Structures are given as structure tokens and as C-alpha cells.
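# take a look and give me a structure for this.
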Amino acid sequence: LPAYPDHHGITAFALMGLIFGIAWAGAGWVQKPDAGAFLPPRSFKQARHGMVFSAVCGAAGFWISAFSTAMVLTGIGLAAVVTTAIFRKAAEKSGCTFEVSLWRTWAIWGTGASLFLYCLEYFPNHLGMRLEVNHPLYSLAWLGGGWIIATVCGWIVAERGTPFPFLKLVLPLAACAVLPATILLGGPAVYIPGDPFMAGLWKNIAELLPLLTRIQMGAISWRVAFGYFPVFILLAITLSFFRRVDGGSKAVLVFLCIPIVMITGMQFYQVRWGMLNGPLYIALAGLVVPQLWRLIPSAPGPRAVGALALCACIYLFSADTVRGMLIPFWKQYSSKQTIEVGSGQLLALLHRDMAKKFLENANGRPITMLSSPNSSCLLSTFGGFKTIGT
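As a prediction, this is how the structure comes out:
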């Protein structure tokens, strides 16, 4: 999906940068120069660059789809706390140090960048309380969430017996609570999905149906919904039990799995959430594959077997794409036999004829057509009149 040219694709592209930047920063773990760990950065400066990159990409995600990005940020916060608690001893033993200030840097840059993009779009004429889109309350929640991560993780890595910092969490928790409290108290006036009319529409929108419902309808299959990508979660968890994998790398690998698991749970509620997992899986694959390669003995025989296995996986993951997208186009332009017309081409022809009829019936009067978002795009292209996707 990061290569798919619509708002889903742009959001996914931003989320890929968000999660890659955190991996670049070692999820807060920085190794000593002579530690020899695989994934944690080798300097605080390098880790800081990763956090800044992640924050800017996350702010871009807020700009396109604030609520979707907020869900991934929630998964990131959960992952930071869980993996720090689980892998603290192993990471420190492998020569890594948890740098609390990195998460504060991440929160400050994310807050600042998202506020800048909000002002760029809405200042000064459209400063309304609309929480379906990017808004300063999302930025405030990000700032509070980053401080919560830093405070809780700092307590986890502190000396045993350190009292839990309840007072330090009061303001960050309040900052996070403002957004959901405003949605709950303001209702549809500030967040339109809470309107009963909108809730009724959701029952007829494919992306908003539960995953099992879509599968029972025959619209998608388990393979379409997940592909082979859950294999990377199994591999990441398996690697966390290998002694040859350093503790810091284990923390980063498992870190990336937790937002995926959370988003997958939401996917069962509404199938559209599954579209956010693509970039997270890509980032996870980008770490799992080279980590596996490091475990293969350097002798020519094992490396040759590993290379063959890697080529087989590349084919497995790309075969459907090649068959589904490239081969039909090749057949269409190279075959001397009857050309097969796909459903997308037929829809385009149908909309062309529809646009012609609308123009004929209008008799020169201006047209504004209400249609679904996909149909409105095709109709305006063919008819040259205004449309409202609704």
C-alpha cells in the first residue's frame, strides 16, 4: 500500500517512515561503540536522527489521516513500555543503554511538525473544532504520550526500588485525555462519525465492515487479508529466543510486532484497519531478513542455501502481484487473439456512457453530480462536470 496512489497509500507511506525512524533509533536503545549489536544505533546522534525522521513522517501521517496515525502511535507507546520491561536485562547485558530523552525528542518534534502542518492548512480562516482531521489536540496527545513513554520506561530501567513516578504522569495523562474527552463530550458537533446517520451509513460501506463479515460475503479471503506477512511476526518472536541475537536487537524486533498485533485486532472490527499493517510489515521484514542472514554460517554452502531460500521467498511474495497486474497488461498488448477485458476496464466504459447521457439530459445546463467517491472521479473525468464524492 505505500505505493498505492490514494489517501490510504500516502498514509501508509508516512507510517512506514514513522516506524522505520523508530527502528533507526533502536526504539530508544543505543549501543556502546564496541558492543557489536546489530540493530541498536551506534551513537546517540544517530538515534536522535531516527527519532526526528520518525516524528516528521508521523506528522505527515496526521496531516492525511489523523485518527489512523493516532492508532499506530498508541501501538508504538504500548510497544515501547512492553519491550523495555521484557528485554531490559538482555539489552543492558549486550552493551545497550536506554536513552529516555530520545522519546522526548520524538514527542517534541512530532508535536511541532504536526502543529506546523495544521497551521499550513487551516490558519487563519478555518480554525474550527473538527477532530475528524488533523488538529492541535492530536499534537497535544502526542506530546503527552511521548512524555508517558519516557517517564514509564525511565522508571523501568532505573535502579530497583525506585518509586513509581505517579506525579510526573499527571500532566502527560491529562494531555492525552483532552482529545478523547472532547470527542465524548462534544459528540457529532466535533467528531462526525458519532452521528447516528453516519453510523447507519457505515453498515453499507465495505471498508467499515468486520473482517469475518467480508470473508463470509466472499469479497475477500484470509490470504487476501493477510498474505504471508504474519510469517515475519513468527520469525521475529523466534529470533527473540536465539542466544546469538543481542538483547537490543530482540527488543527492536518485538517492538515492531506489537503495533501490528494491535492493528490486526482492529482489522477484525473493521477491515479497513488492516490497510495500516502493510508499512509496518515492510519495516519488520527490513529488519528480520538481514538478522536471519547474519545467523547463517559464512561458509559458501550455507550461504548458497540461504540465498536460494531468499529467492524463493521473493517469488512467493511477488508472484500474485506479477500475475495480477503485469501479465494481463502484457497479454493485452502482445496477444493477437481476443483481448480479455477486466472489470475495471468495463467500469470505465460504463462510466463514460453514463457521463455522456448526463450531458445530453442536461441540455447545456451546469451539472453537479453526487456519486460514490470512485464513481465521482470517473464521471468528472469523462464528463468534465463537477462531482461530489459522497
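# switch to C-alpha atoms for all contacts and neighbour counts from now on
Noted.
# shouldn't residue 350 be within a helix?
Yes. Checked against DSSP: H, G, I helix; E, B strand; the rest coil, residue 350 lies within a helix.
# and it, how far from residue 371?
According to Cα to Cα, to the nearest Å, residue 350 and residue 371 sit 14 Å apart.
# again, but for residue 239
50 Å.
# if you count what's nearby, which of the two comes out ahead?
Each of residue 239 and residue 371 has its neighbours counted (other Cα atoms under 10 Å); residue 239 has more, 21 against 14.
# pLDDT at that one, what is it?
The score at residue 239 is 95. That number is its pLDDT.
# dump the residue contacts of residue 28.
By Cα atoms under 8 Å, 6 or more residues apart in numbering, the contact list for residue 28 reads 22, 47, 98, 99, 100, 102, 103.
# my bad, residue 100
28, 150, 151, 153, 154.
# likewise for residue 125?
So residue 125 contacts nothing (Cα under 8 Å, 6+ apart).
# for it, phi and psi?
Backbone dihedrals for residue 125, given as degrees, to the nearest 10, come out at phi -100, psi -10.
# one more: residue 298?
Per degrees, to the nearest 10, the backbone of residue 298 is at phi -80, psi 0.
# look up how far residue 307 lies from it.
Shown here: residue 298 relative to residue 307, a distance of 12 Å by Cα to Cα.
# so what sits against both of those two?
By Cα under 8 Å, 6+ apart, no residue touches both residue 298 and residue 307.
# buried set for stretch 218-237?
225, 229, 232, 233, 235, 236 (16 or more other Cα atoms under 10 Å).
# then stretch 239-255?
Applying 16+ other Cα under 10 Å to stretch 239-255 flags 239-240, 245-255 as buried.
# columns secondary structure and distance to residue 112 on top of these, output as a markdown table?
A markdown table is the format used below for the buried residues of stretch 239-255 (DSSP: H, G, I helix; E, B strand; the rest coil; distance: Cα to Cα, whole Å):
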| residue | secondary structure | distance to residue 112 |
| --- | --- | --- |
| 239 | helix | 37 |
| 240 | coil | 35 |
| 245 | coil | 36 |
| 246 | coil | 35 |
| 247 | helix | 33 |
| 248 | helix | 29 |
| 249 | helix | 30 |
| 250 | helix | 31 |
| 251 | helix | 28 |
| 252 | helix | 26 |
| 253 | helix | 28 |
| 254 | helix | 29 |
| 255 | helix | 25 |
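# which single one of those is nearest to residue 178?
Checking these against residue 178 by Cα to Cα gives residue 255 as the nearest, at 27.0 Å.
# which residues of this structure score low on pLDDT?
1-3, 321, 323-339 (pLDDT under 70).
# can you tell me how far residue 284 sits from residue 271?
Relative to residue 271, and taking Cα to Cα, residue 284 is found at 21 Å.
# thought residue 274 was touching residue 267, still the case?
Yes. Using Cα atoms under 8 Å, residue 267 is in contact with residue 274, at 4.9 Å.
# those two: who's more crowded?
Neighbour tally, residue 267 and residue 274, criterion other Cα under 10 Å: the higher count belongs to residue 267, 23 against 20.
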